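Participant: build the 3D model from these lines:
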Amino acid sequence: MIIHVKTVGTLRSLQEGTKLEALEVPEKASVSQVLERLKLNDWEVGFVLVNAERATKESILRENDTLTLVAPLAGG
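Facilitator: So this is what the prediction gives:
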């Protein structure tokens with residue numbers, strides 16, 4: 001199935017900035033499985049949205065879902 005992955009912020013293993021790309025994943029793939037495929041560690045992702053709603057790394061994805069991965073925020 002095809003999902004759309006949007007990255008926001010600076011994810012260490014990926015390019016900087018906001019990016020949207022289509023990704024083919026197995027049926028009933030979880031957010032965690034997508035993170036593994038993208039070679040991202042859990043700590044590299046601050047929070048997750050699926051179709052603009054808060055989700056967990058255990059959430060199951062469906063065809064044409066938009067998975068948004070937001071980098072952790074830090075400041076001082």
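Participant: low-confidence ranges in the protein?
Facilitator: For the chain, residues meeting the criterion pLDDT under 70 lie at 10-18, 74-76.
Participant: the residue nearest the centre of it sits in which helix or strand?
Facilitator: Averaging the C-alpha coordinates of the chain gives a centre point, and the residue nearest to it by C-alpha atoms, centre = their mean is Leu69 (3.7 Å). Leu69 is located in strand 66-70, with elements delineated by DSSP states H and E.
Participant: what's in contact with that strand?
Facilitator: Contacts made with strand 66-70 from outside it, assessed by C-beta atoms under 8 Å, 6 or more residues apart in numbering, are listed as 3-9, 11, 20, 31, 34-35, 40, 45-52, 55, 61. C-beta coordinates here come from the backbone N, C-alpha and C atoms, glycine included.
Participant: end-to-end on stretch 45-62?
Facilitator: Terminal residues of stretch 45-62 lie 20 Å apart, using C-alpha to C-alpha, to the nearest Å.
Participant: tell me which element the residue nearest to Leu67 when sequence neighbours are not counted falls in.
Facilitator: Leaving aside its sequence neighbours, Leu67 sits nearest to Val5 (C-beta to C-beta, 6 or more residues apart in numbering; 5.1 Å). When secondary structure is defined using DSSP H and E, the element that contains Val5 is strand 2-8.
Participant: which stretches of this protein form helices?
Facilitator: Counting by DSSP state H, the chain has these helices, from start to end: 31-37.
Participant: need the contact list for Glu21.
Facilitator: The contact partners of Glu21, by C-beta under 8 Å, 6+ apart, come to His4, Val5.
Participant: just confirm Asp42 contacts Lys57, I think it does.
Facilitator: Yes: under the criterion of C-beta atoms under 8 Å, Asp42 lies in contact with Lys57, with a separation of 6.8 Å.
Participant: okay, the two: which has more neighbours?
Facilitator: The residue with the greater number of neighbours, taking Asp42 and Lys57 and applying other C-beta atoms under 10 Å, is Lys57; the counts read 14 against 9.
Participant: I'm done for today, thanks for sticking with me.
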